[in-house]
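Visitor: Next come a sequence and a model predicted from it.
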Amino acid sequence: MTTTPGPTRARVRSDRPPSLIDLSGDRLAFESPLHVREAAMRALADGATHYTTRPGLNPLRAAIAEKLSAENGISVHPEREVLVTSGAREALFVGLHVLLEPNDEAVITGPAPRVYGEITRLAGGTARMVIGDPATGFAIDPELVARRLTRRTRVMVIGSPSMPAGSVVDAESVKGLAELAVRRGLVVLSLETLEPFVFDGREHLSIGSLPGMAERTVTINGFDAYGLAGWRVGYAAGPESILGPMTQLKQAMSICSSAVSQYAALAAITGPRTPIDTARALVNERREGALAALAAESVDIARPAAGYHLLVDGRTAGANDNRALKQALREVRLRLGSSGGAPGWLSLGLTRPVEDLVMAAERLARALAIAKGGTIRG
Amino acid sequence: MAELTTPGVGEKQRERLKDEGTRQRYDLLERAESMSDVIALGRGDPDLPTPAHIIEAAQQAIAAGVDEVSDVAGIAELRRAIAEKLKRENGVAVDPASEVVVTTGGQEGLFLLVQAILQPGDEILVPDPRYTSYDVAIQMAGAKMVSIPTHERDGFDLDPDEVERRITPRSRVLLLITPGNPSAGTISPANIRRLAEIARKHDLIVISDEIYEKLLYDGTEHLSIGSLPGMAERTITLNGFSKTYCMTGWRVGYLAGPAAIMRRVRKLKELASCCAPVVSQWAGLAALNGPQDAVEEYRRIYEGRRRVMLDGLDRIGFTYGEPRGAFYIWVNASSVGMDSIDLTQKLLEEARVLIFPGTGFGDQWVDYMRVSYLAPEDELKEAMARLEVCLALDSGGRRDT
């Protein structure tokens, strides 16, 4: 019997310490739950191999609308105001391309993944990043945002919980941002994919649920927390005046989202919450382990309130250019914060088990000491 | 716009998103969905199943795990299989690592490619009639579409002289779709060779959409322009799995071409949607590397259906360009004397047959309609009988005289 080529799970762990601990990744891979996989396999057996309706399967859109209503206080019409996309990324891409005309500006709360700025520029717009104060964990202050608005600002992109700083916009600031959006006639693209991973007793508040915001907010979310990152399914929900054109562009880009992936998402969103709780527990465990180890090694970080990334302070490693530090980090791979608007900081993803994170903290402390000691020149 | 106080989508963007053809097609589709007893000869979505071995391979992949994203350009195994396929079947040589990007369907491939290579004001030469969903990609890039007419008398083959006549200093890209949608015409190998010459002479990039390449009839031959001398450096071959393997719902296709362009495409793919659905990528791999019996089996099924349709159309007295490929017939319904929208609406309401209007594929095609034959033969026979009755009643037997 021949074996069909397929994905293999490289989960074999060796006893030797890894020579390189790579914590530079964007994503934490959660496994797709069994019932989701079974539902997808069944859907295939039942012939889910055709295009679906363009904005997505009706039951999926209904479930999304229900979730937004029950968990986020956002009320949308499932058929006219929900669009299923090929991941949250496509929703952001389509949203920015529909809203921005050449020379328009998007104000982006940051630090943020570099792709937000890149998509904005691709759409012909200018990206203005607003970086929160590191001393407050990069918390976003509406006052700072207000100062970056110009006559050309059309869109406010808010990722909360944010990546990689792991900040959460608190309720008061969400209200402040909402007022600003109303006053200045802005559309808000609210990226909420990290919503399940809020810690320290903090709470996530969806800006689209605030008064006056339904008509100007597109809420973007997905199913990565269910372990569905590879299935590429996410969604955008908001007013028909924006979702209509977004649906047009989505159709022009990719007709509809993968049918089998949509069935997987449907099983996830209508199934038990256990996968989310499990993912959350996993992140929490790694987070606690990493925070304790980093504290024990006296590594300076901006304490994250959410997500599965955190920013390590490498600012003293040399003139705000942490290339020197990165060189010192031959044994731990981190991502430079500068790509997301936080020069001098290093993004560390909780993408490995706790024991690796502990080892990474030790190596990090050593590397920082070398870099700050000036033996490495950038 | 400073004066904008209510949020929304600006006029300029609305203009760029405009796609009258797609709107017309989907309006009709949605109307049909609310009706019962409709025979659907509209959307290009094969009714036949994805071959069983592909489904099984996908199920195995799901069991093993498809939960993590892949490289943005696609899993290495699939890119290798695509490069091998292109070499083996099309004579197109590409490096799997740097010259192949797996996309979320062929349509995303076209969209990304157009954004990657066209600057505002650049011109792209597009055969007419056309699949208007591509219009939005062109409009979003700020580029200008230059239509190349094709004609029923030529079976909607593309006349290289018609192309050359429309080349200007701003011409940058020539889009070829063979077999064509909606025309079902093919570009003859001789014309492909001449088009290649023109592309070289005028330094054009060629996008060669070959998504229907396996669906050919009456001994028609397919020649991939990317295989011709001097063309590898300027050709991007677009293909996918939707039409060959009945995999529309999986959303997986690919682009293959020069590394310099594909680097940019890869970047855009990351911004647009990260990677294609991983489960669909494994299914695509099974499609390319598995048995190909279903491809020919399906083609024969389409061939039989095509015969049924052509007989029916002949009986009614409709003409058409010789449909040498795909699973459409681009029907000239001028004998009825109705605008294509009115006619297809009438056929839907009165005969309960869904057919797309010609104007869904370009404004001036008021006399035409696109019939797809993606239903079993007995349904197709029934559809043609309904059409005959509906049109005969209407003309009061005029055709009998």
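Guide: That came through fine.

Visitor: Apart from its chain neighbours, what residue comes closest to residue A:226?
Guide: residue A:268 (4.1 Å; Cβ to Cβ, 6 or more residues apart in numbering or on different chains). For every residue, glycine as well, the C-beta is placed using N, CA and C.

Visitor: for that neighbour, what are its contacts?
Guide: Under the criterion of Cβ atoms under 8 Å, 6 or more residues apart in numbering or on different chains, the contact list for residue A:268 reads A:33, A:36, A:223, A:226, A:228, A:275.

Visitor: neighbours of residue A:291, just the number please.
Guide: Neighbour count for residue A:291, taken as other Cβ atoms under 10 Å in any protein chain shown: 18.

Visitor: Looks like it contacts residue A:305 (just checking).
Guide: No. The criterion here is Cβ atoms under 8 Å, and residue A:291 misses it with residue A:305 at 11.5 Å.

Visitor: what's the farthest-apart pair in the contacts of residue A:268?
Guide: A:33 and A:223 (10.7 Å; Cβ to Cβ).

Visitor: which of these two has more neighbours?
Guide: Just comparing residue A:33 and residue A:223: by other Cβ under 10 Å the higher neighbour count belongs to residue A:223, 28 against 23.

Visitor: mind checking how far that one is from residue B:17?
Guide: Distance of residue A:223 to residue B:17, computed by Cβ to Cβ, to the nearest Å: 27 Å.

Visitor: Let me know the distance separating residue A:118 from chain B.
Guide: 6 Å (Cβ to the nearest Cβ, to the nearest Å).

Visitor: That residue: what's it in contact with?
Guide: residue B:271.

Visitor: Buried ones in the host helix or strand of it, by neighbour count?
Guide: Using DSSP states H and E, residue A:118 sits in helix A:114-122. Neighbour counts over helix A:114-122 (16 or more other Cβ atoms under 10 Å in any protein chain shown) mark A:114, A:115, A:116, A:117, A:118, A:119, A:120, A:122 as buried.

Visitor: What of stretch B:366-379?
Guide: Applying a neighbour-count criterion of 16+ other Cβ under 10 Å, one finds B:366, B:367, B:368, B:369, B:370, B:371, B:372, B:373, B:374, B:375, B:379 buried in stretch B:366-379.

Visitor: now stretch B:8-22
Guide: Buried residues in stretch B:8-22 (16+ other Cβ under 10 Å): B:8, B:9, B:10, B:13, B:16, B:17, B:19, B:21, B:22.

Visitor: Secondary structure of the second one: a helix, I assume?
Guide: Translated: residue B:9. No. Secondary structure of residue B:9 (DSSP: H, G, I helix; E, B strand; the rest coil): coil, not part of a helix.

Visitor: Local confidence estimate at it?
Guide: Listed pLDDT for residue B:9 reads 91.

Visitor: For it, which non-adjacent residue is spatially closest?
Guide: That would be residue A:245: by Cβ to Cβ, 6+ apart, it lies 4.5 Å from residue B:9.

Visitor: give the contact list for that neighbour.
Guide: Going by Cβ under 8 Å, 6+ apart, residue A:245 touches A:98, B:9, B:13, B:14, B:17.

Visitor: longest helix anywhere in chain B?
Guide: Counting residues, the longest helix found in chain B (DSSP state H) is helix B:293-316.

Visitor: Contacts for it next, please.
Guide: B:46, B:48, B:51, B:214-217, B:244-246, B:320, B:323, B:327, B:329, B:331, B:371, B:373, B:375, B:377, B:380-381, B:383-385, B:387-388, B:391.

Visitor: helices or strands up against the next helix-or-strand element following it?
Guide: On the C-terminal side of helix B:293-316, the nearest following helix or strand under DSSP H and E is strand B:319-320. Under the contact definition 3 or more Cβ pairs under 8 Å, 6 or more residues apart in numbering or on different chains; DSSP states H and E, strand B:319-320 sits against strand B:328-332.

Visitor: so how far is the strand it packs on off the chain centroid?
Guide: 14 Å (Cα atoms, centre = their mean, to the nearest Å).

Visitor: what's it packed up against?
Guide: Partner elements for strand B:328-332 (3+ Cβ pairs under 8 Å, 6+ apart): helix B:293-316, strand B:319-320, strand B:368-372.

Visitor: residues in contact with it?
Guide: Against strand B:328-332 from outside (Cβ under 8 Å, 6+ apart): B:44, B:129, B:152, B:156, B:181-185, B:306, B:309-310, B:313, B:318-321, B:323, B:358, B:367-373.
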